[in-house]
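Enquirer: Sequence and predicted structure are below.
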Amino acid sequence: MSVISLTLTYLMQIYTALQRRNVLGLSFHLSSAETGDAAELVAGLGPEGQFSSGYSNLAELARQLTQTKEAHHFYPVLFYFRFQAPYYAVSRCTLMALDTVTLIKSGLDDEQYAWLKESASVAELWRAAMMLVMTLGDTFLPEGKPDPGAAPDEQTREQWRRRYLAGLRRLRQAGIQTLRDEQSGAEAYVALRSRWDAYIRALAPALAYSMEEIDPVGCAPESTGERREFRARLRFAD
């Protein structure tokens, strides 16, 4: 009876943690207008360049991600519980968190948004996501921990630059002032992304997801041009 009780209690705790992780994944998905694009998320947090109210949403996402990291710490088997929809995947959640911070750091104007770039919530979002992917990589990847220090090839760097420029265009549509020097911004984006991309690429197939499902915009940056103009949100709700 004791063993049965302990087993049932453990499973109930896992399902509670799974439900919270799913809420986080769905929050990222819906906040990005169901695109999986971190640039869409950042644009929605600061329309017309006003991040004062969106900052609280960013702080809440950081808090939920920290809870998810600790849930995987307490219940490692949680990693193997998955739903079919890719936006529930832990690799999608962490990618969106890390790409959000990467775009904020490399894409937003330094003078106008220094307060946001240096904020505790942005730091928490980055560190919680990095701790989570590194923990999962060390523990579960059968081929071992990926090497984030490996320099990406030129083709990959060019794809990341195109993703960065596509993100900047979306941010400008939302009235957000971006970095004036796009070239230095693109280099900053590539440098930051090279610190985490290897983990995402290793984690995604570990649970039978493709990178096209986990990072649709990163795999096809030009797809952002097929969306409505950002300011269509004034009259439309897709």
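Expert: Received the coordinates, thanks.

Enquirer: quick one: the residue nearest the centre of the chain from residue 235, how far?
Expert: For the chain, residue 96 is the residue whose C-alpha lies nearest the centre (C-alpha atoms, centre = their mean; 1.3 Å). Distance, residue 96 to residue 235, by C-beta to C-beta, to the nearest Å: 27 Å. The C-beta positions use only the backbone N, C-alpha and C, and glycine is treated the same way.

Enquirer: Spit out the contact partners of the closest residue in space to residue 95 that isn't next to it in sequence.
Expert: Excluding the flanking residues, the one nearest residue 95 by C-beta to C-beta, 6 or more residues apart in numbering is residue 200, at 4.9 Å. Residue 200 sits next to 91, 94-95, 98, 133, 211, 214-215 when contact means C-beta atoms under 8 Å, 6 or more residues apart in numbering.

Enquirer: pLDDT value on residue 151, please?
Expert: pLDDT, residue 151: 82.

Enquirer: Does it touch residue 197 like I think?
Expert: No. With contacts counted by C-beta atoms under 8 Å, residue 151 stays clear of residue 197, the gap being 11.6 Å.

Enquirer: These two: which has the busier surroundings?
Expert: residue 197 (23 against 9; other C-beta atoms under 10 Å).

Enquirer: close enough to count as contact, the more buried one and residue 152?
Expert: Yes. Under the criterion of C-beta under 8 Å, residue 197 makes contact with residue 152 at 7.4 Å.

Enquirer: Overlap in contacts, the two.
Expert: residue 160.

Enquirer: Could you measure from residue 154 over to residue 209?
Expert: Applying C-beta to C-beta, the value for residue 154 to residue 209 is 26 Å.

Enquirer: between these two, which one's more packed in?
Expert: residue 209 (19 against 8).

Enquirer: Sort out which residues of the longest helix along the chain are buried, please.
Expert: As assigned by DSSP state H, the longest helix anywhere in the chain is helix 2-31. If you call a residue buried by 16 or more other C-beta atoms under 10 Å, then helix 2-31 has these buried ones: 14, 17-18, 21-22, 24-25, 27-29, 31.

Enquirer: And stretch 126-141, by the same measure?
Expert: For stretch 126-141, burial by neighbour count (16+ other C-beta under 10 Å) applies to 126, 128-133, 136-137.

Enquirer: do the same with stretch 61-78
Expert: Applying 16+ other C-beta under 10 Å to stretch 61-78 flags 61-62, 64-66, 68-69, 71-72, 75, 78 as buried.

Enquirer: Quickly name whichever of these is closest to residue 103.
Expert: residue 61 (14.1 Å; C-beta to C-beta).

Enquirer: so the closest one is in which element?
Expert: When elements are assigned from DSSP states H and E, residue 61 belongs to helix 54-74.

Enquirer: I'd like the next helix or strand past that helix.
Expert: Defined by DSSP H and E, the subsequent element after helix 54-74 is helix 90-107.

Enquirer: I'd like the average pLDDT over the helix or strand just after that following helix.
Expert: Downstream of helix 90-107, the next assigned helix or strand under DSSP H and E is helix 114-117. Mean pLDDT, computed over helix 114-117, is 96.
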